[in-house]
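A.B. asks: Return a 3D structure for these sequence lines:
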Amino acid sequence: MFINGAEIDPGAGYPRVRLVARDADLSDPDSGTGISVNKIFNNVTWVAIPGRDEFFRGGLGIDQTLDEDFYKAAIQRATNAGWFKGIGIEDAVMRQRPPGIRPEEFVVRHSIGTDFALNFARTAYCARLPMSRDAIGMVIDYLNGANESAQKSGYTWNMYTNNCSHVAHNALAAAGVWDPKVARGPGAINVARDVLSVARALALSQMSDFSFPANNFVRLYEAGNERPIDDAVAAFRNHDVRRTMNDGWITTGPGALIATFPIHDASRNQLFALGRDPFLFSVPMLWDKADTYRMLTRDAPPIVTDLGANLAHYRDRYRKTLANQRSLEGELGQLNAAESADAFRAFYGRFYELIADGLRRTEARLTEYGRDAS
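C.D. replies: Numbers count the residues shown, from 1 in each chain. Sure thing, here's the model as predicted:
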């Protein structure tokens, strides 16, 4: 995951991040910090990489050639920068270190293309989610807590029960984006528990404890674009909407764009070839995410790739919601017997206030966007 609004905390001796200063310029194309989990780490859960350019591109220009010399230079730059300082890895991996290579450099060699310089070796599909400073602070607190825990008791990665996407998912859950997942230890019993969580999720329309990066990508797109903001009763019935509204925001709104950072062009990439799409967990007819994934990665519509089209879409969506607003008494008549009228009365006012505020902000952004584009 990449967090615009976070920076590396240099004083901890192991990876930690903190909020940037309130007056920091977040519009800088290289602002922000990348967070990556690696299965070989044993005393931290994740590493932090400063800036989009190093995290995604490894400092490689689009017109440059990725060859052995550039690859080695990127390793040395990352080693000298100290991004992996204090990170321990599994003994079985460290025993493979050749004589003469520093331990920290050896860790970097096993991390390049995975934890930084992602586009050397892969295409990164990203779903953006605008968040408040307070919400980003909650994400940061969760991530720092995960590394603090690993410093005390170690980190054991598992493909099914505790992988990189569990960390990203639960960091966003800390900000209320969705429900958290249980990250379990290795072993057949824990895998079986995760399988049972799938059955429970399908039966109760909840999330299972299985977690995979491609699924996080689709779910974050859905959180940013498909939650009910067009009708107060539908929003009231969505517990994710209600949870974030308690903190003064709704995840679905303008700016939740899809961005693709492609693998370095094959004509200039002497080291890596394009591979397969990542694994996506999908259940046809019951919980089918495959079509959504293909749409987002192959033919995403302009309203999720172009900021101007996205802002215009949400301006119109907010306007329609307000135009179709029913009276409180009319809305109350839509509730069923099990739903609390008192809770809805409190919800109703906050919901339409947020929609109206979202419209004002979006119209202002559209005006500013038009000035910048002209």
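A.B. asks: C-alpha from now on. contacts and neighbour counts both.
C.D. replies: Noted.
A.B. asks: what pLDDT does residue 202 get?
C.D. replies: pLDDT for residue 202: 51.
A.B. asks: Please apply the same query to residue 38.
C.D. replies: Residue 38 is assigned a predicted lDDT (pLDDT) of 94.
A.B. asks: again with the one 4 residues further on
C.D. replies: The predicted local confidence for residue 42 comes out at a pLDDT of 95.
A.B. asks: list the contacts for it?
C.D. replies: Residues in contact with residue 42 (CA atoms under 8 Å, 6 or more residues apart in numbering) are 87, 88, 89, 90, 150, 154, 155, 156.
A.B. asks: Where does the last one sit: helix, strand or coil?
C.D. replies: To tie it back to what came earlier, the one meant is residue 156. Following DSSP: H, G, I helix; E, B strand; the rest coil, residue 156 is assigned to coil.
A.B. asks: Just want the phi and psi numbers for it.
C.D. replies: phi -120, psi 110 (degrees, to the nearest 10).
A.B. asks: Give me the neighbour count for it.
C.D. replies: 19 (other CA atoms under 10 Å).
A.B. asks: mind checking how far it is from residue 26?
C.D. replies: Here the criterion is CA to CA, to the nearest Å. By it, residue 156 lies 34 Å from residue 26.
A.B. asks: ok, now the second one?
C.D. replies: Using CA to CA, we find residue 88 at a distance of 32 Å from residue 26.
A.B. asks: Check residue 107 too.
C.D. replies: 30 Å.
A.B. asks: which one of these two has more residues nearby?
C.D. replies: residue 107 (23 against 14).
A.B. asks: Please, which helix or strand holds the more buried one?
C.D. replies: Take DSSP states H and E as the rule and residue 107 turns out to sit in helix 103-109.
A.B. asks: How is this structure divided into domains?
C.D. replies: Domains of the chain are assigned by automatic domain parsing as 2-225+257-298, 306-373.
A.B. asks: do you know which of those domains lies nearest residue 232?
C.D. replies: Closest approach to residue 232 among these (CA to CA): domain 306-373, 6.5 Å.
A.B. asks: what does the average pLDDT come to for that closest one?
C.D. replies: Regarding domain 306-373, the rounded mean pLDDT is 95.
A.B. asks: and it, how far apart are its ends?
C.D. replies: 12 Å.
A.B. asks: mind checking the longest helix of this structure?
C.D. replies: In the chain, with assignment by DSSP state H, the single longest helix is helix 341-373.
A.B. asks: of the contacts of residue 42, buried ones?
C.D. replies: Buried residues within those, counting neighbours by 16 or more other CA atoms under 10 Å: 87, 88, 89, 150, 154, 155, 156.
A.B. asks: Do you know the pLDDT at the first one?
C.D. replies: Right, the one you point to is residue 87. For residue 87, the model assigns a pLDDT of 96.
A.B. asks: tell me the SS of it?
C.D. replies: Going by three-state DSSP: residue 87 is coil.
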